[in-house]
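Chemist: Need a 3D model of the following:
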Amino acid sequence: MQMERNAIAHIGVSSIGTGLLVWYCLGRPLTHVREFGLALAIAAFLLWATARLQLGKSFSVSPQAKALVTRGIYSRMRNPVYTFGILWIVGLILAVGHPEWLLILLVLIPMQMVRAEREARVLEAKFGEEYRAYRARTWF
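Modeler: Numbers count the residues shown, from 1 in each chain. The predicted structure is shown next:
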């Protein structure tokens with residue numbers, strides 16, 4: 001699998017930020033909530049990075065229908081970058097020890113749902129029945 005440079009750069013920058021937050025958290029007293037947050041953040045980051053690599057050149061900020069990616073994690077769910085991105089943020093918030101920051105999810109989750117729906121419309125317009133069949137057999 002030839003890895004796309006933008007994906008590697010995206011994951012690299014995200015790795016550095018996540019690594020710094022994990023390092024910060026490990027320097028503070030660990031509670032069960034912080035431990036859970038660290039475990040969730042690391043697992044979600046690894047799944048997010050995998051999904052981002054599998055998306056490859058199909059990644060875009062605005063909705064575009066470059067290719068219908070249905071392999072790997074995308075064979076089970078249509079929006080793993082959004083799903084694991086949210087879980088990654090939840091984990092980091094818990095690990096840092098500020099659960100009140102979870103209120104940001106009241107904005108982030110609806111925003112990601114709108115983005116996913118816009119992408120779905122673009123993909124359905126380009127791929128038609130192939131996309132509808134894919135959507136029927138996958139979760140969010």
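Chemist: how about the lowest-mean-pLDDT helix or strand in the chain: buried residues?
Modeler: Every helix and strand in the chain was compared by mean pLDDT, DSSP states H and E; the lowest is helix 5-26, with a mean of 82. By neighbour count on 16 or more other C-beta atoms under 10 Å, the buried set for helix 5-26 is A7, I11, S14, T18, L21, V22, C25. No exception for glycine: its C-beta is placed from N, CA and C like everyone else's.
Chemist: Nearest to L55, out of those: which one, please.
Modeler: A7 (7.4 Å; C-beta to C-beta).
Chemist: start to end distance for stretch 49-66?
Modeler: One end of stretch 49-66 sits 20 Å from the other (C-alpha to C-alpha, to the nearest Å).
Chemist: Just give me how far it sits from the chain centre.
Modeler: Distance of stretch 49-66 from the chain centroid (C-alpha atoms, centre = their mean, to the nearest Å) equals 11 Å.
Chemist: before we move on, back to that, which of the buried residues of helix 5-26 lies at the shortest distance from G37?
Modeler: Looking across the buried residues of helix 5-26 and measuring by C-beta to C-beta, the closest to G37 is C25, at 7.6 Å.
Chemist: and the end-to-end length of stretch 22-35?
Modeler: End-to-end span of stretch 22-35 (C-alpha to C-alpha): 10 Å.
Chemist: What's the local residue count around E119?
Modeler: 18 (other C-beta atoms under 10 Å).
Chemist: any idea which helix or strand carries it?
Modeler: Using DSSP states H and E, E119 sits in helix 105-127.
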